[in-house]
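Peer 1: Task: produce atomic coordinates for the following.
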Amino acid sequence: MTQVSIESVRGNIANQPDIDAIVNAANARLMPGSGVAGAIHSAAGPGLAQECRRLAPIEPGQAVISGGHDLPNSHVIHCLGPVYGVDTPSDELLADCYRNALELADRHGLSSIAFPAISTGVFGYPIDEAARVAVNAIRKAVPGLTSVRLIRLVLFSEDDLRVFRAALASASPGT
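Peer 2: Residues are numbered from 1 along each chain as shown. Have a look, this model is predicted:
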């Protein structure tokens, strides 16, 4: 079985030039917004919003794939995370985002994917819970991957990075 590496770094999700696909923490209409969606759309240029019009709307937990446009990445995978306390069950919908994004990347033969901390911004998901859900969903998906070899978690702040690194350290493979 080929090894899959999971790493966490502090950085900007829109600046991951060595990654095939970056994940957009999208809104339902897949349009530019604040936070991650704003940064990705700004870096990708207007072609991304134009392509996304035909892919929208999406539901919480769903993922769709587009081209990377002016980004150094060949693809952007757009996930609509749950609004914490509104979209339920939040943990299942958040896990679906990670699973569905990994499945799309694998189905498209991509070898690397980078995720932000989905739903932890304006959608209000507590970072500790989000990290646990994300890491567990990724670990469960890894055995089924055939082309993805690198999964990167890109965190904006040092505090978020610390939380995700702790979640990675405490999750045993296969959980």
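Peer 1: In contact with D70, which residues?
Peer 2: By CB atoms under 8 Å, 6 or more residues apart in numbering, the contact set of D70 is 43-45, 47-48. (Each C-beta comes from the backbone N, C-alpha and C, glycine too.)
Peer 1: what do you get if the cut-off is 10 Å, keeping everything else the same?
Peer 2: By CB atoms under 10 Å, 6 or more residues apart in numbering, D70 lies in contact with 42-48.
Peer 1: Put the buried members of the residues you listed into a ChimeraX selection.
Peer 2: Restricted to the buried members of these, where burial is judged by 16 or more other CB atoms under 10 Å, the ChimeraX selection command reads as follows:
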select :43,44,48
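Peer 1: how about the strands in the protein?
Peer 2: Taking DSSP state E as the test, the strands found in the chain are 5-10, 21-25, 63-67, 75-79, 112-115, 150-155.
Peer 1: Could you check those and tell me which one is nearest E103?
Peer 2: strand 63-67 (7.7 Å; CB to CB).
Peer 1: Adjacent strands (with direction) for that closest one?
Peer 2: If you go by DSSP bridges, strand 63-67 pairs up with strand 75-79 (antiparallel).
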